[in-house]
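Student: Give the three-dimensional model of this entry:
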Amino acid sequence: MVFAAASLRDAFGNLKTEFAKTHPNLELTFNFAGTQDLRAQLEHGAPVDVFASADRKSMDELESASRVKKPAVFARNEPVIVVAKEQASKVTGLGDLPKLDKLVIGVPDVPIGRYTDRILSNANKTLGADFSSKVEKKIASRELDVRQVLAKVTLGEADAGIVYRTDANSAKDKVAVVTIPADVNVVAEYPLAVVAAAPHPALAEEWMKFVLSPAGQELLGQAGFLPPAAPVPQ
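Tutor: Below is the predicted model:
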């Protein structure tokens, strides 16, 4: 059983297909949701072998509580703005967000929500001290995971949202994608760890090793993830 951040849904599905070639009799099950939701389930005793988070904060706290073994960062991701096609002409940069009527972002407890809040705060330095407050007035809802943010935009229930580039890639025929300037953007780091109480520790170690392997890294790269900042341990 692998608990993984919602933004890993497509990439981990592809990794599962490749992993199954060498583990044909293994039943590999995923639970995709917001990192904070998965963490809560793990802390309440859910039977899980591996945890993949969209931030280091949640994983570091689990490691401090001895709930997971030594984590390793296996990928990075970049937040971007996704814009409904009919609104695309209004948004060519981060500074255009106050022009919209309905913006949707993640809740503060979920990694994409925290990253978004940091981005808006950083932008106050270049786009005016009141930029984040002007954007906040346009927030129609805060969602529990990044895929819910994306869904609101693709379904036309919001004008724009902030998601990871990998999520934007999965919906590139339905949304316009606007890059956030590097001087205000943040890069999300994704750590992976075997759970201390894993029911299948040996298999959990094998899955983690595969994700960190050159083959796993190649599949993650194909999905749009950036490699870890440091070399992946073999």
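Student: Tell me the helices and strands packed up against the longest helix anywhere in the chain.
Tutor: The longest helix of the chain (DSSP state H) is helix 111-127. Where contact means 3 or more CB pairs under 8 Å, 6 or more residues apart in numbering; DSSP states H and E, helix 111-127 is packed against helix 56-64, strand 79-84, strand 103-106, helix 131-136, strand 160-164, strand 188-194. Any C-beta I mention is one placed from the backbone N, CA and C, and that applies to glycine too.
Student: Let me have the ones you listed in CSV, extended by mean pLDDT and distance to L28.
Tutor: Shown next, in CSV, are these (pLDDT from 0 to 100; distance: least, CB to CB, whole Å):
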stretch, mean pLDDT, distance to L28
helix 56-64, 95, 21
strand 79-84, 97, 29
strand 103-106, 97, 27
helix 131-136, 97, 40
strand 160-164, 97, 23
strand 188-194, 97, 14
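Student: Residue ranges of each domain in this structure, please.
Tutor: 2-76+189-222, 79-179 (automatic domain parsing).
Student: Using CSV, lay out those domains together with distance to A229 and mean neighbour count.
Tutor: Output for these, formatted as CSV (distance: least, CB to CB, whole Å; neighbours: other CB atoms under 10 Å):
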stretch, distance to A229, mean neighbour count
domain 2-76+189-222, 7, 18
domain 79-179, 16, 20
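Student: Same list (the ones you listed) but as a markdown table, adding distance to P228.
Tutor: Output for the domains of the chain, formatted as a markdown table (distance: least, CB to CB, whole Å):
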| stretch | distance to P228 |
| --- | --- |
| domain 2-76+189-222 | 5 |
| domain 79-179 | 15 |
